[in-house]
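**Q** below: sequence and its predicted model.
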Amino acid sequence: MRLSRYLLPVSKESPADAQIVSHKLMLRAGLVRQTAAGIYAWLPLGLRVLRKIERIVREEQDRAGAVELLMPTLQSAELWRESGRYDAYGPEMLRIRDRHEREMLYGPTNEEMVTALFRDAARSYRDLPRILYHIQWKFRDEVRPRFGVMRGREFLMKDAYSFDLDEAGARHSYNRMFVAYLNTFARMGLRAIPMQADTGPIGGDLSHEFIVLAPTGESDVFYHSNWERPAALSAVDFEDVGGLQAIVSSYTADYAATDEKRDPAREAEAGAALRQSRGVEVGHIFYFGTKYSAAMKLSVQARDGSDVVPHMGSYGIGVSRLVGAIIEASHDEAGIIWPDAVAPYRVGLITLRADDPGCVALAEDLYARLTAAGIETLYDDRDERGGAKFATMDLIGLPWQIVIGPKGVARGVVEVKRRATGEKQELSPEEALARVS
Ligand code: ATP
Ligand code: MG
Ligand code: MG
Ligand code: MG
């Protein structure tokens, strides 16, 4: 992509209304614009990051055995009356009337709708277990939308729902999502700690929030210092019930709990190894038994001909919140430092002199070769000062920069810079191409 044709409204100024670094950088780097309180337009560069995150989430859901579908944003109030949540939900729900005065709402979550869809489609034990997910915009009329996309009113969520014949099956589905989440966040360069979370009236130990530590996070969290080790990825067989349980058990062995689930005994045991911090909730998994299936009369025929009410769980990831969370975890004074896996482009190509035929010829040639090699490249072909181009590239944080200037052209070299380390190398165009591949 040529910057001369792109929409990238960057700014040097720190926006006055942004309190945390990720929000500031998202505005300064031209990723998003707020169009109403807590509602954002995704500008081209921001959209590419959002799509990359979405893709990782999707790949890991698929790998864990979940199946994608797409449910609408607008829902009918009738559906929510079936579960009793229409009146219970409160002012976070955006309620709408259509021209026929029918009561509608913009979905804050989808338990009701997915339960109704599954009720319509599933007949017998052969239709279970299933995990269904979608990646869709949600609306919650948050009292205090803030920190940019971290707490929006409209936000993109991946939500999955599991249906099993019994509690043991539901636990396996839960474990699938637990391990899928470990892999998902690790691929984005994030260390998200699974923390015991409040299960509400159902009880049990089957709810975890996945928390990324950050001083600006909105959750108070407590954990054993062992968790300061990086979480490693492993090759996982999701069909292996015992093997999956062993992974989950090992990842829950060290104490980690949100404020509501603090355990004084385990904190005493941790002693000097106990850590307290703030964190950002990037995911939340939850087993809730037959709460919705019973209320909404979902049942299927068991092998022996009797009726069984499926056990369910739900599993959310804040896809748009992750954009902010990743920036909180990865930036410096000059701007964002995108992990390779979610970077909007892999390479930023800069020509220092748009009026120098030698520079332009080499830049055009390298741009064509990068593009042909399938390397996503943002090419700054504008007629601007070098200093401004460098600042923009550092701000938007692409993993690699290739700089083409007249002195280098004379010697047949370009400069390759790794954004994360600042390390620079002079290389021939061929070597540069190989380096960033
Ligand atoms: P929070 O505690 O931050 O309000 P939540 O517990 O209400 O989140 P869930 O219902 O668990 O949220 O939704 C699943 C995921 O959706 C959360 O873990 C979070 O990553 C994301 N999410 C929730 N609310 C928002 C929001 N207002 N803006 C962006 N992402 C959100
Ligand atoms: Mg909330
Ligand atoms: Mg929460
Ligand atoms: Mg939650």
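**A** Yes, it's here. Ligands and ions are numbered 1, 2, ... in the order given.

**Q** smallest distance to ligand 1 belongs to which residue of the protein?
**A** For the chain, the residue closest to ligand 1 is Gly318, as judged by C-beta to the nearest ligand atom, at 2.3 Å. Backbone N, C-alpha and C define where each C-beta goes, glycine included.

**Q** where do the strands sit along the stretch 1-150 of the chain?
**A** 32-36, 39-42, 67-68, 74-76, 94-97, 103-106, 130-139 (DSSP state E, counting those that start in this stretch).

**Q** who are the packing partners of the first one?
**A** Applying 3 or more C-beta pairs under 8 Å, 6 or more residues apart in numbering; DSSP states H and E, we find strand 32-36 packed against strand 39-42.

**Q** does at least one residue of the strand it packs on sit close to ligand 1?
**A** No: Strand 39-42 stays clear of ligand 1 (C-beta under 6 Å from any ligand atom), getting no nearer than 10.1 Å.

**Q** give the rounded mean pLDDT of that strand.
**A** If you average the pLDDT over strand 39-42, you get 98.

**Q** next one: stretch 286-303
**A** 96.

**Q** please identify the buried residues of it?
**A** 286-293, 296, 298-300 (16 or more other C-beta atoms under 10 Å).

**Q** what do you get for stretch 102-110?
**A** Neighbour-count burial for stretch 102-110 flags 105-110 (criterion: 16+ other C-beta under 10 Å).

**Q** now tell me what touches that stretch from outside.
**A** Residues outside stretch 102-110 that contact it (C-beta atoms under 8 Å, 6 or more residues apart in numbering): 71-78, 80, 86, 89, 92-98, 113, 134, 136, 138-140, 157, 159, 161, 314, 316.

**Q** of those residues, buried ones?
**A** 71, 75-77, 80, 86, 89, 93-94, 113, 134, 136, 138-140, 157, 159, 161, 314, 316.

**Q** restrict the residues you listed to those near ligand 1?
**A** 140, 157, 316.

**Q** can I get the residues you listed in JSON lines with pLDDT?
**A** Below are those laid out as JSON lines (pLDDT from 0 to 100):
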{"residue": "Arg140", "pLDDT": "98"}
{"residue": "Met157", "pLDDT": "98"}
{"residue": "Gly316", "pLDDT": "98"}
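
**Q** dump these into CSV; add distance to Val149 as well.
**A** Listed next are these as CSV, based on distance: C-beta to C-beta, whole Å:
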residue, distance to Val149
Arg140, 13
Met157, 12
Gly316, 15
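
**Q** out of the residues you listed, flag the one nearest to Leu349.
**A** Nearest to Leu349 out of those is Met157 (C-beta to C-beta; 35.0 Å).

**Q** the closest one looks like it's in a helix, true?
**A** No: assessed with DSSP: H, G, I helix; E, B strand; the rest coil, Met157 is strand; it does not lie in a helix.

**Q** what pairs with the spatially closest residue to it that is not a sequence neighbour across the strands?
**A** Distances taken as C-beta to C-beta, 6 or more residues apart in numbering put Lys138 closest to Met157, at 4.9 Å, once the chain neighbours are dropped. Counting by DSSP bridges, Lys138 forms beta bridges with Phe155.

**Q** separation between Lys138 and Arg119?
**A** Lys138 sits at a distance of 22 Å from Arg119 (criterion: C-beta to C-beta, to the nearest Å).

**Q** please apply the same query to Ala265.
**A** In this view, Ala265 and Arg119 are 42 Å apart by C-beta to C-beta.

**Q** ok, those two, which is more surrounded?
**A** Arg119 (18 against 8; other C-beta atoms under 10 Å).

**Q** quick one, what contacts the more buried one?
**A** 296-298.

**Q** could you find the closest non-adjacent residue to Glu112?
**A** According to C-beta to C-beta, 6+ apart, the nearest residue to Glu112 is Leu79 (4.6 Å).

**Q** right, I mislabeled it, should have said Gln425
**A** Distance criterion C-beta to C-beta, 6+ apart; nearest residue to Gln425, sequence neighbours excluded, is Val416 at 5.0 Å.

**Q** adjacent strands (with direction) for the helix or strand where that neighbour lies?
**A** Per DSSP states H and E, Val416 falls inside strand 414-418. Looking at strand 414-418 with DSSP bridges, its partner strands are strand 400-404 (antiparallel), strand 424-427 (antiparallel).

**Q** avg pLDDT for the longest one?
**A** Within the predicted structure, the mean pLDDT of strand 400-404 is 98.

**Q** renumber starting at 612 from here on
**A** Right, with 612 as the first residue, what we last looked at is strand 1011-1015.

**Q** what about it, distance to the chain center?
**A** 28 Å (C-alpha atoms, centre = their mean, to the nearest Å).

**Q** list the contacts of that strand.
**A** By C-beta under 8 Å, 6+ apart, the residues outside strand 1011-1015 that reach it are 957-963, 970, 973-974, 977, 1001, 1004, 1025-1030, 1043, 1046-1047.

**Q** just the buried residues of those residues.
**A** Among those, the ones that count as buried by 16+ other C-beta under 10 Å are 957-963, 970, 973-974, 977, 1001, 1004, 1025-1028, 1030, 1043, 1047.

**Q** inside strands: which ones of those residues?
**A** Taking DSSP state E, the ones among the buried ones among the contacts of strand 1011-1015 that sit in strands are 958-962, 1025-1028.

**Q** now those residues as CSV including pLDDT and distance to ligand 1?
**A** What follows is those, written out as CSV (pLDDT from 0 to 100; distance: C-beta to the nearest ligand atom, whole Å):
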residue, pLDDT, distance to ligand 1
Val958, 98, 30
Gly959, 98, 29
Leu960, 98, 34
Ile961, 98, 34
Thr962, 96, 39
Val1025, 98, 40
Glu1026, 98, 39
Val1027, 98, 36
Lys1028, 98, 33
